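*Asks:* return a 3D structure for these sequence lines:
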Amino acid sequence: TEHPQISDNGTEKTGVTTKEVPLVARATSFQVDRPIVSSDPKLQALLNQRKEIERKIEDLRINKNTIPEVEYDKQMESLLVQLALKNQEIRQQEAKK
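*Replies:* As a prediction, this is how the structure comes out:
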């Protein structure tokens, strides 16, 4: 596979060393969804906490290239475990209704 040695603007390409999040990743990271609302205050608090964990996971995915792989895996594993436990709490709270 050939790799261009000149960039789109005509300057010589150098190795990419910036840790900036690509514009495409930032532009496609928003979600348009309706908030989940519950009349049960405890369930609503759990749903809000789950939404916050999901936001952290999305932020981590966007910033994946800016942190070492080992650290990314460690943080992602922690967040996914938190999400699983939160989903379990939500199911238990919904079953009480």
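*Asks:* CA atoms for contacts and neighbours, from now on please.
*Replies:* Noted.
*Asks:* the bottom helix or strand of the protein by mean pLDDT?
*Replies:* Lowest on mean pLDDT, DSSP states H and E among the helices and strands of the chain sits helix 23-27, with a mean of 55.
*Asks:* just the element for Val70, please.
*Replies:* Assigned by DSSP states H and E, Val70 belongs to helix 69-95.
*Asks:* which strands and helices lie in contact with that helix?
*Replies:* helix 41-62 (3 or more Cα pairs under 8 Å, 6 or more residues apart in numbering; DSSP states H and E).
*Asks:* let me see the mean pLDDT of the helix it packs on.
*Replies:* Helix 41-62 comes out with an average pLDDT of 95.
*Asks:* in that helix, which residues are buried?
*Replies:* For helix 41-62, the neighbour count (16 or more other Cα atoms under 10 Å) marks 43, 46-47, 49-51, 53-54, 57, 60, 62 as buried.
*Asks:* closest to Gln92 out of those residues?
*Replies:* Leu43 (9.6 Å; Cα to Cα).
*Asks:* against Gln75, how distant is that closest one?
*Replies:* Distance from Leu43 to Gln75, counting by Cα to Cα, to the nearest Å: 26 Å.
*Asks:* do Ile62 as well
*Replies:* From Ile62 across to Gln75, the span is 13 Å (Cα to Cα).
*Asks:* cool, and Asp59?
*Replies:* Taking Cα to Cα, one finds Asp59 at 11 Å from Gln75.
*Asks:* Asn48 too?
*Replies:* When Asn48 is compared with Gln75 (using Cα to Cα), they lie 20 Å apart.
*Asks:* test my guess that Gln82 contacts Ile53.
*Replies:* Yes - counting by Cα atoms under 8 Å, Gln82 touches Ile53, with 7.4 Å between them.
*Asks:* burial count for Cys83?
*Replies:* No, residue 83 isn't Cys; it's Leu. When neighbours are counted by other Cα atoms under 10 Å, Leu83 registers 19.
*Asks:* equivalent analysis for Lys96, please.
*Replies:* Neighbour count of Lys96, defined by other Cα under 10 Å: 6.
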